[in-house]
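A.B. asks: Sequence plus the predicted model coming up.
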Amino acid sequence: MPYHIEYLRTAIGHLRQLTARQRSTVLDTVDTQLTHEPKTETRNRKEMIPNPLASWELRIGDLRVYYDVTEDPQTVTVVAVGIKEGNRLFIGGEERQL
């Protein structure tokens with residue numbers, strides 16, 4: 001059974017700060033990668049060490065999608081979307097440490 005994808009308001013705000021191409025890439029990749037088996041680690045999808053932001057990270061080139069997964073009901077909640085520049089991460093235009 002496919003997982004339902006939902007975006008927090010903050011994540012929608014982060015998406016709005018991206019270019020149209022980046023936004024399209026994120027939305028398409030989230031739909032294809034996280035609809036089925038979002039808790040399966042892959043080369044671009046990793047469970048994160050415990051942190052206050054989210055429990056999972058999806059890497060799409062220099063873009064990062066941070067999300068949580070619940071099983072009942074089966075839902076993927078996108079918490080934040082960021083851009084990685086070198087070893088620096090920017091979420092919502094602000095540099096963050098994870």
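C.D. replies: Arrived safely.
A.B. asks: Nearest to the middle of this structure, which residue? Look it up for me.
C.D. replies: Residue closest to the mean C-alpha point of the chain, counted by Cα atoms, centre = their mean, is Val65 at 1.9 Å.
A.B. asks: Surely that residue and Thr77 touch.
C.D. replies: No: contact criterion Cβ atoms under 8 Å: Val65 and Thr77 do not qualify, at 11.1 Å. In short, each C-beta sits where N, CA and C put it, glycine included.
A.B. asks: coming back round to it: next up, phi/psi of the residue nearest to the centre of the chain, please.
C.D. replies: Main-chain torsions, Val65, degrees, to the nearest 10: phi -120, psi 120.
A.B. asks: contacting residues for Val56?
C.D. replies: For residue 56 the amino acid is Trp, not Val. With contacts defined as Cβ atoms under 8 Å, 6 or more residues apart in numbering, Trp56 is in contact with Pro38, Lys39, Arg45, Lys46, Glu47, Met48, Tyr66, Tyr67, Asp68, Val69.
A.B. asks: Which strands or helices does the one helix or strand in the chain whose mean pLDDT sits lowest pack on?
C.D. replies: Across the helices and strands of the chain, the lowest-confidence element by mean pLDDT, DSSP states H and E is strand 94-96, at a mean of 89. On a contact count with 3 or more Cβ pairs under 8 Å, 6 or more residues apart in numbering; DSSP states H and E, strand 94-96 meets strand 88-91.
A.B. asks: Can you tell me how far the closest residue to Ser55 other than its chain neighbours is from Gly82?
C.D. replies: Leaving aside its sequence neighbours, Ser55 sits nearest to Asp68 (Cβ to Cβ, 6 or more residues apart in numbering; 5.3 Å). Asp68 sits 15 Å away from Gly82, going by Cβ to Cβ, to the nearest Å.
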